[in-house]
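Q: Quick one, what's the 3D model for this:
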Amino acid sequence: MATTAATRPVEDIDPSKDEKMGKLREVGSLAVWSLSSCKPGFGVDQLRDDNLDTYWQSDGPQPHLVNIQFRRKMTIQDVAIYADYKSDESYTPSRISVRVGNHFNDLQEIEIVDLNEPTGWVVIPLNDVNDRSIRTFMVQIAVLSNHQNGRDTHMRQIKIHSPVNEGSLSKFPNFTSVECSQYSTIR
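A: Residues are numbered from 1 along each chain as shown. All right, here's what the predicted structure looks like:
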């Protein structure tokens, strides 16, 4: 288990940059998402809608949990969370735990992140003891505490990234002519 303090300014982090370059893919849509609690109209749909103006709002005692379950074992490189202290103040998470496992009963805490008034994306790398990306069926994000001792929490977006594997087909060069590029894929 590692404890990380998010000290780098988060305004300049863009988690979609590696997605656009083809190094990562967002795999959250392949999972079943559940929450420990939510206010009506502030649930999973708002957490996953790619709109930074909407958010999940918890409605219950801490810790507040986001459960992400995959149908098959996935390689997860990082979790990106968008938080906005300027808008959410005491609802902003200050300490987050990331746990992974096969199901609810065998979750292992692999990261604890302390956030200091974050505004923007916070990217939490998920690595095993050999510094390789985690392979898991389930990721659980737990909000352990909020700024100003707030009770409920706001999270605006969560992205789950998996590395793109370089297959043997990707070793072909990028063709520029139509005559060559028409033979570059197998149907």
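
Q: For stretch 18-32, buried residues please.
A: Within stretch 18-32, the residues that count as buried by 16 or more other C-beta atoms under 10 Å are 18, 24-25, 27-28, 31. (Glycine included, C-beta is placed from N, CA and C.)

Q: Run through the chain and note the low-pLDDT ranges.
A: Applying pLDDT under 70 to the chain flags the ranges 1-12, 166-175, 184-187.

Q: so what's I160 up against?
A: I160 sits next to 26-28, 31, 68, 76, 79-80, 139 when contact means C-beta atoms under 8 Å, 6 or more residues apart in numbering.

Q: can we see that at 7 Å?
A: I160 is in contact with 26-28, 31, 68, 76, 79, 139, counting by C-beta atoms under 7 Å, 6 or more residues apart in numbering.

Q: and if you look at L24?
A: Applying C-beta under 7 Å, 6+ apart to L24 gives the contacts 18, 77, 161-164.

Q: now the helices: where do they sit in this structure?
A: Counting by DSSP state H, the chain has these helices, from start to end: 16-20, 44-47, 85-88, 178-181.

Q: Turn those helices into JSON lines, including distance to L35.
A: Output for the helices of the chain, formatted as JSON lines (distance: least, C-beta to C-beta, whole Å):
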{"stretch": "helix 16-20", "distance to L35": "24"}
{"stretch": "helix 44-47", "distance to L35": "6"}
{"stretch": "helix 85-88", "distance to L35": "17"}
{"stretch": "helix 178-181", "distance to L35": "46"}
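
Q: what's the most buried one of those helices?
A: Of all these, helix 44-47 carries the top mean neighbour count, a mean of 18, counting by mean count of other C-beta atoms under 10 Å.

Q: Any idea how far that helix is from the middle of the chain?
A: Put simply, helix 44-47 sits 13 Å off its chain's centre (C-alpha atoms, centre = their mean, to the nearest Å).

Q: how many other residues sit next to the nearest residue in space to N67 that is not next to it in sequence?
A: Closest residue in space to N67, ignoring its immediate chain neighbours: S34 at 4.5 Å, by C-beta to C-beta, 6 or more residues apart in numbering. A count of nearby residues for S34, using other C-beta atoms under 10 Å, gives 14.
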